[in-house]
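> A predicted structure for the sequence below; I have some questions about it.
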Amino acid sequence: QKEVEQNSGPLSVPEGAIASLNCTYSDRVSQSFFWYRQYSGKSPELIMSIYSNGDKEDGRFTAQLNKASQYVSLLIRDSQPSDSATYLCAVTMYSSASKIIFGSGTRLSIRP
Amino acid sequence: SQTIHQWPATLVQPVGSPLSLECTVEGTSNPNLYWYRQAAGRGLQLLFYSVGIGQISSEVPQNLSASRPQDRQFILSSKKLLLSDSGFYLCAWTSGSNQPQHFGDGTRLSIL
């Protein structure tokens, strides 16, 4: 089992709809969870951090964490063509909090 | 504010040539520093990380090495490049455990 798993996509969502991106992780005691956006040919940029169970909202983005199910998700409301990118889920490992394990990413495409 | 600089942006090298990529961070002290490689269409592979001057942890066996001669400087090197060393090299920093990583703009390395 991979430490951080994401569906590679592509996920195609119509403009204005909600895009839902999902991620599962294997380390039951992971403490920190992050979502990054990576445009083609560019470096990843941090869009959300979440540390406790529940929802965290920032503008059009909502991160959801369920530690019991080892599941973290990212919702993007009112999707825009500029949201088309690869979204990387990242999790710190309890065994080494200095390291972040990245999922392989979900490619999101917003169709006009 | 903190910034991370990585250079060069692109590099074309012949097989068997040496390599030196440099990364520096400004606006923070004692950061954790990371080198990743990303093959085309793939996820991030952690190569090395450092929690302090002279402290290097290697994640995968390869012909690459890393050094941290100063607090905010991280260097990735190779004595002899292989074709398989091609990829997008990313440097990242974080302020400490369980904190998000912030990436430089990356170096796209092509081996001929």
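Right, received. Where do you want to start?
> please look at residue B:90 and residue B:102 and confirm they touch.
No. With contact defined as Cβ atoms under 8 Å, residue B:90 does not count as touching residue B:102 (10.6 Å). All C-beta atoms are positioned from the backbone trio N, CA, C, and that covers glycine.
> more crowded one of the two?
Neighbours were counted for residue B:90 and for residue B:102 using other Cβ atoms under 10 Å in any protein chain shown; residue B:90 has more, 25 against 21.
> which residues does the more buried one bridge with?
Beta bridges link residue B:90 to residue B:36, judged by DSSP bridges.
> that one: what's it in contact with?
For residue B:90, the contact set (Cβ atoms under 8 Å, 6 or more residues apart in numbering or on different chains) comprises A:43, A:44, B:6, B:35, B:36, B:37, B:38, B:44, B:103, B:104, B:106, B:107.
> now with 7 Å?
Taking Cβ atoms under 7 Å, 6 or more residues apart in numbering or on different chains, we find residue B:90 in contact with A:43, B:36, B:38, B:103, B:104, B:106.
> out of the residues you listed, name the ones that lie in strands.
Mapping the contacts of residue B:90 onto strands (DSSP state E) picks out B:36, B:38, B:103.
> got those as a markdown table, with distance to residue A:75, pLDDT and neighbour count columns?
What follows is the ones in strands among the contacts of residue B:90, written out as a markdown table (distance: Cβ to Cβ, whole Å; pLDDT from 0 to 100; neighbours: other Cβ atoms under 10 Å in any protein chain shown):
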| residue | distance to residue A:75 | pLDDT | neighbour count |
| --- | --- | --- | --- |
| B:36 | 27 | 96 | 25 |
| B:38 | 26 | 95 | 20 |
| B:103 | 23 | 97 | 22 |
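> what parts of chain A come near chain B?
A:31-32, A:34, A:43-44, A:46, A:49, A:92, A:97-100, A:102-105 (Cβ under 7 Å from any Cβ of the partner chain).
> now, which of these lie within strands?
Counting by DSSP E, these place A:34, A:46, A:49, A:92, A:97, A:98, A:99, A:100, A:102 in strands.
> of all the residues you listed, which comes closest to residue B:85?
Here the nearest of these to residue B:85, counting by Cβ to Cβ, is residue A:102; it sits at 20.0 Å.
> thought residue B:73 was touching residue B:26?
No. Taking contacts as Cβ atoms under 7 Å, residue B:73 lies outside contact range of residue B:26: 10.7 Å.
> neighbour count winner among the two?
Each of residue B:73 and residue B:26 has its neighbours counted (other Cβ under 10 Å); residue B:73 has more, 14 against 10.
> please name the bridge partners of that one.
Legend: beta-bridge partners of residue B:73 under DSSP bridges are residue B:24, residue B:70.
> how about the residues of chain A next to chain B, which pair is most distant?
A:31 and A:43 (24.5 Å).
> quick one: which of the two has more around it?
Neighbour count, other Cβ under 10 Å: between residue A:31 and residue A:43, residue A:43 has more, with 21 against 15.
> what's across from the residue nearest to that one when sequence neighbours are not counted in the sheet?
Once flanking residues are discounted, residue A:43 sits nearest to residue B:103: 4.2 Å by Cβ to Cβ, 6 or more residues apart in numbering or on different chains. Listed by DSSP bridges, the beta-bridge partners for residue B:103 are residue B:92.
> now do the same contact list for the residue nearest the centre of chain B.
What sits nearest the mean C-alpha location of chain B, by Cα atoms, centre = their mean, is residue B:35, with 3.1 Å. Applying Cβ under 7 Å, 6+ apart, we find residue B:35 in contact with B:47, B:48, B:66, B:74, B:76, B:89, B:91.
> I am finished for the moment; much appreciated.
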